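> Attaching a predicted model along with its sequence, questions to come.
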Amino acid sequence: MATVKPFKAVRPSRDKVALVSSKSYEAYTPAELGAKLDFNPFTFLHVINPGYKYHQEVSGSQRFKLVHNRYLEFKENKIFIQDEAPAFYIYERIDISHSYCGIIAATSVQDYLENVIKKHEDTISKREQLFQNYLKITGFNAEPVLLTFKDDETISQIIQNEKEKRPEYEFSTTDRRLHKLWLITDKKTISQITRAFKKIDALYIADGHHRTASSALLSKNLKEENLKHTGNEAYNYFMSYLIPESNLNISEFNRFITDLNGLSADEFLMQLDETFRIENRGQQLYKPSKKHHFSMYLNGEFYSLYLRKNNYLFTDALSRLDAEILYRTILNPILGIKDLTNNDRIYYAQNKVDSISLKTKVDSGLFKVGFGLIPVTVNEMKEIADNNLKMPPKTTYIQPKLRSGLTMYEF
């Protein structure tokens, strides 16, 4: 049973929301970031980049404290306003090819600890601790964790009914996306949503593993500090965007390697031949279309690699995952890349925008070989999580990516 709760979000005033909300800080080039900060006094980027006000670079606890101060200033200036009543928030994002719609809610840390909220990636304890410190000092979270769940008719119908009303927010952004937000404050509807999620066996983290783990760590620490802990405190929950699995969009990450580990191209191809059936496609742009098929670009030519299944042992869901197959058959034994997280010989690039990146990145001279995969399916992701397994890093690029500063959750 999944536990979700309405909460009193802090959010931009209706007249300023288009100016306030921003993409992830890392999504901007330095020039774009500078322009936003110079010419938009309302952007949320001023909150998370507080040193800009003083023309200084700040980091660590000092930065977190300044983030907290900028956040309070936005509240004092009525740029941010906290809702008076707890609410669920229906958020829809529409772009040229996709529409995403789900519910922003408070989800339970206890559900995460008891594996009702399931993960498919490992987290790094150093990053968990860093973001926990950030949450504790700033006192708020502005980026929901993206959770997915099996499509539910009751929840879908509630969303459809609410979308017939006038949205609280409706604005477009320069990336040609339309954003809408509806508030659900009616107690009967809130109860229907809460009961519907109680019937759902599991929620799956699609994006935000470190944010979830950090929220759990924060909850543990604040619980120990609070002698009057009741279990109802805000720190027992974290903000999530819950979206039906049919509405999720997963694309792949390609892999690029700087060298062939001392092998010539011919020697490399001969070693690949033991595990793959190889076809030289020449200049033909080749993209795999089936599981266990890979594309490879080497020395100006495309190759298709088909796994010889009699030479590979499938033992569990992880062993059947293409990113893991590539690691077990090529990256580790042939190219000598054992640690996929901390190795500067491997680079990952999501293939959503540049369909010929496999060629262009290798032809640039930065990499010797590139590998293309097909996207992971939702069922594969769920199977990994259900079996308490962990995908290799950069296996999934999942949409939607959410804007910061649209709804904020205070601890």
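In hand now; what should we look at?
> Please count neighbours and contacts with C-alpha atoms only from this point.
OK.
> what does the lengthiest strand in the chain contact?
When the chain is parsed with DSSP state E, its longest strand is strand 99-108. Contact partners of strand 99-108, identified using CA atoms under 8 Å, 6 or more residues apart in numbering, comprise 2-7, 87-94, 144, 159, 236-244, 247-248, 400.
> Among the residues you listed, which lie within helices?
Within those, residues falling in helices by DSSP state H are Ile159.
> quick one: the strands in the stretch 251-400 of the chain?
Secondary structure of the stretch 251-400 of the chain by DSSP state E, counting those that start in this stretch: the strands cover 253-257, 276-282, 293-298, 301-307, 346-350, 369-372, 397-399.
> ok, and the closest non-adjacent residue to Ser21?
Sequence neighbours aside, Gly405 is the residue nearest to Ser21 in space, at 4.9 Å (criterion: CA to CA, 6 or more residues apart in numbering).
> Hmm, the one you found is touching Phe42, no?
No. Using CA atoms under 8 Å, Gly405 is not in contact with Phe42; the gap is 10.7 Å.
> Those two: which is more packed in?
The neighbour count for Gly405 versus Phe42, taken as other CA atoms under 10 Å, is higher for Gly405 (25 against 20).
> show me the contacts for that one.
Residues near Gly405 by CA under 8 Å, 6+ apart: 11-12, 20-22, 44, 142-143.
> Kindly indicate which of these lies nearest Ile278.
Lowest distance from Ile278 to those (CA to CA) belongs to Glu143, with 44.0 Å.
> Wait, that closest one touches Glu410, no?
No. With contacts counted by CA under 8 Å, Glu143 stays clear of Glu410, the gap being 11.6 Å.
> Could you provide the contacts of Gly405 in JSON lines, with additional columns for pLDDT and distance to Ile356?
Below are the contacts of Gly405 laid out as JSON lines (pLDDT from 0 to 100; distance: CA to CA, whole Å):
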{"residue": "Arg11", "pLDDT": "98", "distance to Ile356": "40"}
{"residue": "Pro12", "pLDDT": "98", "distance to Ile356": "40"}
{"residue": "Val20", "pLDDT": "97", "distance to Ile356": "35"}
{"residue": "Ser21", "pLDDT": "96", "distance to Ile356": "32"}
{"residue": "Ser22", "pLDDT": "95", "distance to Ile356": "29"}
{"residue": "Phe44", "pLDDT": "97", "distance to Ile356": "34"}
{"residue": "Ala142", "pLDDT": "95", "distance to Ile356": "35"}
{"residue": "Glu143", "pLDDT": "93", "distance to Ile356": "32"}
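> Just those residues: which are in strands?
Counting by DSSP E, the part of those found in strands is 11-12.
> for the contacts of Gly405, which one is nearest Lys187?
Lowest distance from Lys187 to the contacts of Gly405 (CA to CA) belongs to Arg11, with 20.8 Å.
> just checking, that closest one touches Glu84?
No. Between Arg11 and Glu84 there is no contact under CA under 8 Å: 11.6 Å.
> which residues are in contact with stretch 259-268?
Stretch 259-268 is contacted by residues 298-299, 334-336, 345, 367-369 when judged by CA under 8 Å, 6+ apart.
> of those, buried ones?
Among these, the ones that count as buried by 16 or more other CA atoms under 10 Å are 298, 334-335, 345, 367-369.
> May I see those arranged in a markdown table, with distance to Ile48 and pLDDT as well?
Formatted as a markdown table, the buried ones among the contacts of stretch 259-268 follow (distance: CA to CA, whole Å; pLDDT from 0 to 100):
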| residue | distance to Ile48 | pLDDT |
| --- | --- | --- |
| Leu298 | 42 | 97 |
| Ile334 | 43 | 98 |
| Leu335 | 40 | 98 |
| Arg345 | 32 | 97 |
| Phe367 | 34 | 97 |
| Lys368 | 38 | 97 |
| Val369 | 38 | 97 |
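> average pLDDT across the longest strand of the chain?
Across strand 99-108, pLDDT averages out at 98.
> so which strand or helix has Leu181?
strand 177-184 (DSSP states H and E).
> relative orientation of that strand and strand 99-108 in degrees?
Going by axes from the mean of the first three to the mean of the last three CA atoms, to 10 degrees, strand 177-184 is angled at 40 degrees with respect to strand 99-108.
> any idea how far the helix or strand following strand 177-184 is from the chain center?
Downstream of strand 177-184, the next assigned helix or strand under DSSP H and E is helix 187-198. Taking the mean of its C-alpha atoms, helix 187-198 sits 26 Å from the chain's own mean (CA atoms, centre = their mean, to the nearest Å).
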